[in-house]
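Participant: I'd like to go over a predicted model; first the sequence, then the structure.
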Amino acid sequence: MTVTSLGLLIQPRDLEQAINNHDDLLIIDVSSDDNYRKHHIAGSQHITPSSLLCGIKPAAGKIPDRDDLTTLMRSIGLNKQQHIVVLDDEGGGWAGRLIWTLDVLGYRNYSYLDGGLVSWLNEGHPVTTDLPAPISSDFSIDVYDESVIAEVDDIIGALNDSDFRIWDARSAGEYDGSKVLAAKGGHIPGAKHLEWTDLMDKSRNLRLLPLDQIQQMLDHRDLGRDKNIVTHCQSHHRSGLTYLVAKILGYDRIRGYHGSWGEWGNHPDTPVESTPV
């Protein structure tokens, strides 16, 4: 196996083989701080999940500014010659958020570990508590690809476009307005609901469901590959997974709304619906 043969979605056994045969892998673990300290893949670099968010309310999920992104990527030693493998401990939300961030930075040489730390641990692959030596790089932002970023005005301007779809990855209660986490509850008019956790197979260590099954779920909701799709949640964390899944399925018109409901639900001029799922 060559490192370039690693696909976007890889299995633990394939990653272990690649680790043993290649030194141009950069494994990035976006698990919680506690889980990373407790057990991680040897040599993997850690990104604290919150460092992928700007943290400024009400739209705390927006992407950090360029200086902060540059500092973050340098701190994990990112350079353009590496193949990145991304994992987390929750089934792909934070990993997907990082992959979306890498897309913004024009870096697309990456894979997602199916099931992340959960599948790696439960299937007996080696871990360590030893922290890797600090590394750094001279990474700079040469590309900033705004084509994968959706803003509030983009959505408002496209609501009447027959080609446009919104994939709402939040819980059913958030979608129907019975659970309110902002000034307004409900959903963006016309949004299609498919919760992020419904993409995971809990009987297979949080791997994704079979891809053909996920595609059927999306097609049933009129979220087909031919559509121009924006996905969101409350902070573009959970919708990191839905963004990633769309990429794995070959969607070439998928964007992440990084303001998400934190922005939409607190904006004075955004329309809202509160109909059942």
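Facilitator: Everything's here; your move.
Participant: secondary structure element for the spatially closest residue to Gly224 that is not a sequence neighbour, which one?
Facilitator: Excluding the flanking residues, the one nearest Gly224 by C-beta to C-beta, 6 or more residues apart in numbering is Leu218, at 6.7 Å. Yep, even glycine has a C-beta here, placed from its N, CA and C like the rest. According to DSSP states H and E, Leu218 maps onto helix 211-220.
Participant: any low-confidence regions in the stretch 101-250 of the chain?
Facilitator: Of all residues in the stretch 101-250 of the chain, none has pLDDT under 70.
Participant: where exactly do the strands run in it?
Facilitator: Ranges of strands within the stretch 101-250 of the chain are 110-113, 149-150, 164-168, 192-193, 200-201, 207-208, 228-232, based on DSSP state E, counting those that start in this stretch.
Participant: out of those, which comes closest to Pro268?
Facilitator: Closest approach to Pro268 among the strands of the stretch 101-250 of the chain (C-beta to C-beta): strand 228-232, 18.5 Å.
Participant: who are the packing partners of that closest one?
Facilitator: With contacts defined as 3 or more C-beta pairs under 8 Å, 6 or more residues apart in numbering; DSSP states H and E, the packing partners of strand 228-232 are helix 152-158, strand 164-168, helix 238-248, strand 254-257, helix 260-264.
Participant: quick one: contacts for Ile214?
Facilitator: 199, 208, 245, 249 (C-beta atoms under 8 Å, 6 or more residues apart in numbering).
Participant: how about the residue nearest to the third one when sequence neighbours are not counted, what does it touch?
Facilitator: This means Val245. Distances taken as C-beta to C-beta, 6+ apart place Leu199 nearest to Val245, at 5.7 Å, with adjacent residues excluded. Taking C-beta under 8 Å, 6+ apart, we find Leu199 in contact with 92, 208-209, 214, 241-242, 245.
Participant: got the contact list for Pro58?
Facilitator: 182, 262-263, 266.
Participant: likewise for Ile56?
Facilitator: Ile56 touches Lys62, counting by C-beta under 8 Å, 6+ apart.
Participant: which SSE is it in?
Facilitator: Take DSSP H and E as the rule and Ile56 turns out to sit in neither a helix nor a strand.
Participant: follow-up on the earlier one: distance-wise, check the residue nearest to Val245 relative to Thr48.
Facilitator: According to C-beta to C-beta, to the nearest Å, Leu199 stands 24 Å off from Thr48.
Participant: over to Ala18?
Facilitator: Relative to Thr48, and taking C-beta to C-beta, Ala18 is found at 25 Å.
Participant: go on, Asp24?
Facilitator: Asp24 sits 25 Å away from Thr48, going by C-beta to C-beta.
Participant: contacting residues for the residue nearest in space to the middle of the chain?
Facilitator: Residue closest to the mean C-alpha point of the chain, counted by C-alpha atoms, centre = their mean, is Gly96 at 1.8 Å. Gly96 makes contacts with 112, 239-245, as judged by C-beta under 8 Å, 6+ apart.
Participant: can you classify it by secondary structure?
Facilitator: Here Gly96 is recorded as helix under DSSP: H, G, I helix; E, B strand; the rest coil.
Participant: got the confidence number for it?
Facilitator: Here, the pLDDT recorded for Gly96 equals 98.
Participant: one more: Thr2?
Facilitator: pLDDT, Thr2: 52.
Participant: closest to Val86 among the contacts of Gly96?
Facilitator: Of all the contacts of Gly96, Val86 sits closest to Tyr112, with 5.5 Å by C-beta to C-beta.
Participant: distance of the closest one from Trp94?
Facilitator: 11 Å.
Participant: rewinding a little: and of the strands of the stretch 101-250 of the chain, who's closest to Leu9?
Facilitator: From the strands of the stretch 101-250 of the chain, taking C-beta to C-beta, the stretch that ends up closest is strand 110-113, at 5.8 Å.
Participant: which residues of the chain fall in helices?
Facilitator: All helices of the chain, identified by DSSP state H, fall at 12-21, 33-38, 66-75, 93-104, 116-122, 152-158, 172-176, 211-220, 238-248, 260-264.
Participant: could you dump those helices to TSV with distance to Asp145?
Facilitator: Compiled in TSV, those are given as follows (distance: least, C-beta to C-beta, whole Å):
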stretch	distance to Asp145
helix 12-21	27
helix 33-38	28
helix 66-75	13
helix 93-104	6
helix 116-122	25
helix 152-158	15
helix 172-176	29
helix 211-220	24
helix 238-248	13
helix 260-264	19
